[in-house]
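# Got a sequence here, can you build the structure:
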Amino acid sequence: MALSAARNRYAFNLASLYQEITERIIAELEAGRVPWVQPWAAANAPLAMPKNAATQRRYSGINVLILWGAMIERGFAGQGWLTFRQALGLGGNVRKGETGTTVVYADRFTPDQERRRAERDGDEPSAVPFLKRFTLFNTDQCEGLPDHLMTAPPAPDVGSILPQAEALIAATRADFRIGGDRAFYCPSGDFVQVPPPAAYFEPINWHRTAFHELGSAASVIVDGAPSCAGEA
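Numbers count the residues shown, from 1 in each chain. Coordinates of the predicted model:
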């Protein structure tokens, strides 16, 4: 009876997980990623197999899709991930205000009651599958980590950003990030993100996008907004 209940819980949790991820993917598709203009090539967003930065072990299964989605959505430059405790154990920490990405761990275990039953009846014990959720942070969300674990920010193409534009962006004192395949302002993190210049078909479009999002940041700060705004 206990084994049956445990299997039912596993099936329910698995169905709930798939439903959650399906809804997330549908939301991305419905967003279209082009609310005003997307003059860049989304295919230029770098994808690599996500791995644990502490153990170097690669993630697998549905976690790959989850972590890829987080990298693209939030513009992370690398695919190294850590738990909160792993970051502390490596001498660093997760920056204040950062939100993690939930992934899952699937395995099997044999309850003590089932072991005793198997010993009594002289047969093999049955294992029960389980799912455990835990939170990961990209190394881009951490500080104080060893240098070899930190992701070097991608360098823009020489001459692709006009010096005048670069000076104006610096003068805004905004947290301006280059990466991913989306352009937006995120109020919760108070940063602007745009794809790298190399992803754009025309240099002028990178400048248009950058200043459009800086303008969005200014208007959101004035008007207020609960979540990230801008292009999807």
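# Now residue 80. Its backbone dihedrals?
phi -100, psi 130 (degrees, to the nearest 10).
# Break the chain into its domains for me.
Domains of the chain are assigned by automatic domain parsing as 1-152, 154-232.
# Could you pull up the mean pLDDT of the shortest one?
The one in question is domain 154-232. For domain 154-232, mean pLDDT rounds to 76.
# could you dump the domains of the chain to a markdown table with mean neighbour count?
In this view, the C-beta of every residue, glycine as well, is placed from N, C-alpha and C. Shown next, in a markdown table, are the domains of the chain (neighbours: other CB atoms under 10 Å):
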| stretch | mean neighbour count |
| --- | --- |
| domain 1-152 | 15 |
| domain 154-232 | 16 |
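# Please identify the helix or strand for residue 69.
For residue 69, the element it lies in under DSSP states H and E is helix 62-74.
# could you point out which element follows that helix?
strand 80-82.
# moving C-terminal of that next one, what's the next helix or strand?
Taking DSSP H and E, what comes next after strand 80-82 is helix 84-89.
# just the CA coordinates of that next one, formatted as PDB?
C-alpha atoms of helix 84-89 as PDB (Å, rounded to 0.1, in the frame of the first residue of the first chain):
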ATOM      1  CA  PHE A  84      23.900  28.300  -3.000                       C
ATOM      2  CA  ARG A  85      26.000  26.200  -0.700                       C
ATOM      3  CA  GLN A  86      28.400  25.200  -3.400                       C
ATOM      4  CA  ALA A  87      29.000  28.900  -4.200                       C
ATOM      5  CA  LEU A  88      29.800  29.500  -0.500                       C
ATOM      6  CA  GLY A  89      32.000  26.400  -0.300                       C
END
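# Kindly spell out which helices and strands sit in contact with it.
strand 93-94, strand 128-138 (3 or more CB pairs under 8 Å, 6 or more residues apart in numbering; DSSP states H and E).
# got a list of contacts for that helix?
52-54, 93-94, 100, 135, 137, 142, 145 (CB atoms under 8 Å, 6 or more residues apart in numbering).
# any idea which of these is the one closest to residue 168?
residue 142 (29.9 Å; CB to CB).
# element containing the closest residue to residue 75 other than its chain neighbours?
Once flanking residues are discounted, residue 75 sits nearest to residue 180: 3.2 Å by CB to CB, 6 or more residues apart in numbering. Using DSSP H and E, residue 180 is not contained in any helix or strand.
# Since that was my last question, I'll sign off now.
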